[in-house]
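Undergrad: predicted structure and sequence below. I'll ask about it afterward.
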Amino acid sequence: MNNQAKLRWGILGAARINERMLPAIVEAKNSELVAIASRRPGAAQEVLQKYAPGTTGVSYYDDPDALLSDERIQALYVPMANQEHAEWTLHAIAQGKHVLCEKPLALTVADVDAIESAARRYNVKVMEGFMYRFHPQHQRVKELIAAGLIGEIRSVRASFSFMMRPARLYRLAEDVSHGGGAMWDIGCYAIHSLRQFFSGLPVAVTAQASYVESGADIASSGVLDFGDGKFAQFDFSFARARRCEYEIVGTQGGIKCHIVWQLPGDVPIISWWNEDGRQSEERLPAANHFRLEVEHFADCVLNDSAPGLALSDARENCQIIVAAIQAAASGQRVVI
């Protein structure tokens, strides 16, 4: 075991997600924020003062390469543009840094494979940043399933939507093939959440999408076919009222997680029903899954243990997303 108390972090980018992740790193019990870099002059200091005012001892860089060469830093959080995640993750790995990369880790399976190969070569930990999976409510859902409450799982549905605000229009600036649009931004969450209840890859995917002028998708829905009559339905949009839920239906009942992608402090709500007429709603303690994700990854590095989300998981999620994009564009069922 590594007896060092805290992992020393750098943040590579001043993206909006720092509103949640920067305080999470500062507040994590086993972490220390050492430096922030942004290519926009002054943005690194600005983001710290905005999201964690009063934090001291943090260095600022206007050059990402300067952050990578800072020998104090052991791990990087990478919240850059989607199409830059793989490139900068590989740069960080080559400098011997552990990496927690914001989702999506990469836009191609080949890039995920390159990251996995580099991580082995340089003996570093790399994890894709799906923070929601570290919220205790999902463990409670799995406990209910393991208890046999709903029987054998036959279908899962995930919905994630909200009306796009002007400040978020940058998400639609790039074509979907370059990481723009709803699929890479929120669809990856929906698909990832579905997969935790089925083992392995689906056999095929069907999908349809609506696009804006840039070629980015603004809404999409589809079905993952896991074979043997098991299906997972996804639905997400930047042009509908807020929904952030998943529902699992089995042979004997169903479970619904009402607020999957939460803000810190939100009260988790889980409801369930079964065929014998019983039903219940559970309100669980609030939890900050951003901080829990940071603490988990730091613990993995400090104690040399495997991250809860393996790179094989990132590879499968990317493979499904790429197939769904192809299915939506072609109007055809795509075999995986």
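TA: Looks like it came in fine.

Undergrad: going by C-alpha atoms from here, please, whenever you check contacts or count neighbours.
TA: OK.

Undergrad: can I take it that Ala44 is in a helix?
TA: Yes. Per DSSP: H, G, I helix; E, B strand; the rest coil, Ala44 lies within a helix segment.

Undergrad: ignoring the adjacent residues along the chain, who's closest to the spatially most central residue of the chain?
TA: The residue lying closest to the centre of the chain (Cα atoms, centre = their mean) is Phe130, at 2.5 Å. Closest residue to Phe130 apart from its sequence neighbours, by Cα to Cα, 6 or more residues apart in numbering: Lys103 at 6.3 Å.

Undergrad: state the pLDDT value of the one you found.
TA: Predicted confidence (pLDDT) for Lys103: 97.

Undergrad: run a quick neighbour tally on it.
TA: Neighbour count of Lys103, defined by other Cα atoms under 10 Å: 24.

Undergrad: ok so, going back, what's the spacing between the residue nearest to the centre of the chain and Tyr61?
TA: The spacing between Phe130 and Tyr61, counted by Cα to Cα, to the nearest Å, is 26 Å.

Undergrad: need phi/psi at the residue nearest to the centre of the chain.
TA: Dihedral pair for Phe130: phi -100, psi 80, per degrees, to the nearest 10.

Undergrad: please parse this structure into its domains.
TA: For the chain, automatic domain parsing gives the domain ranges 7-132+291-308, 136-286+318-335.

Undergrad: of these, which stretch is the most buried?
TA: Comparing the domains of the chain by mean neighbour count (mean count of other Cα atoms under 10 Å), domain 7-132+291-308 ranks first with a mean of 20.

Undergrad: could you check how far that domain is from the centre of its chain?
TA: 14 Å (Cα atoms, centre = their mean, to the nearest Å).

Undergrad: end to end, how far does it reach?
TA: In domain 7-132+291-308, first residue to last residue: 17 Å (Cα to Cα).

Undergrad: can you show me the strands along the stretch 1-150 of the chain?
TA: When secondary structure is read from DSSP state E, counting those that start in this stretch, the stretch 1-150 of the chain shows strands at 7-12, 31-37, 59-61, 75-78, 98-102, 126-129.

Undergrad: can you redo those as TSV with distance to Arg140?
TA: Shown next, in TSV, are the strands of the stretch 1-150 of the chain (distance: least, Cα to Cα, whole Å):
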stretch	distance to Arg140
strand 7-12	29
strand 31-37	27
strand 59-61	40
strand 75-78	28
strand 98-102	25
strand 126-129	21
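
Undergrad: does Leu90 really touch Ile115, like I thought?
TA: Yes. With contacts counted by Cα atoms under 8 Å, Leu90 reaches Ile115, the gap being 6.1 Å.

Undergrad: where exactly do the helices run in the stretch 151-300 of the chain?
TA: 182, 188-195, 289-302 (DSSP state H, counting those that start in this stretch).

Undergrad: what angle do the longest one and strand 98-102 make?
TA: By that I understand helix 289-302. Counting by axes from the mean of the first three to the mean of the last three Cα atoms, to 10 degrees, helix 289-302 points 160 degrees away from the direction of strand 98-102.

Undergrad: who touches the helix or strand just after helix 289-302?
TA: Downstream of helix 289-302, the next assigned helix or strand under DSSP states H and E is helix 311-330. Helix 311-330 has contacts (Cα atoms under 8 Å, 6 or more residues apart in numbering) with 104-109, 112-113, 116, 126-128, 183-184, 188, 191-192, 201-202, 205-209, 220, 222, 333-336.

Undergrad: same deal with stretch 47-58?
TA: Stretch 47-58 has contacts (Cα under 8 Å, 6+ apart) with Ala14, Asn18, Glu19, Arg20, Leu22, Pro23, Val26, Leu33, Val34, Ala35, Ile36.

Undergrad: using a markdown table, lay out these together with pLDDT.
TA: Putting the contacts of stretch 47-58 into a markdown table (pLDDT from 0 to 100) gives the following:
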| residue | pLDDT |
| --- | --- |
| Ala14 | 91 |
| Asn18 | 92 |
| Glu19 | 92 |
| Arg20 | 94 |
| Leu22 | 96 |
| Pro23 | 96 |
| Val26 | 97 |
| Leu33 | 98 |
| Val34 | 97 |
| Ala35 | 97 |
| Ile36 | 97 |
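
Undergrad: who touches stretch 261-280?
TA: With Cα under 8 Å, 6+ apart as the test, stretch 261-280 has contacts from 132, 137, 141, 149-150, 244-245, 252-259, 281-290.
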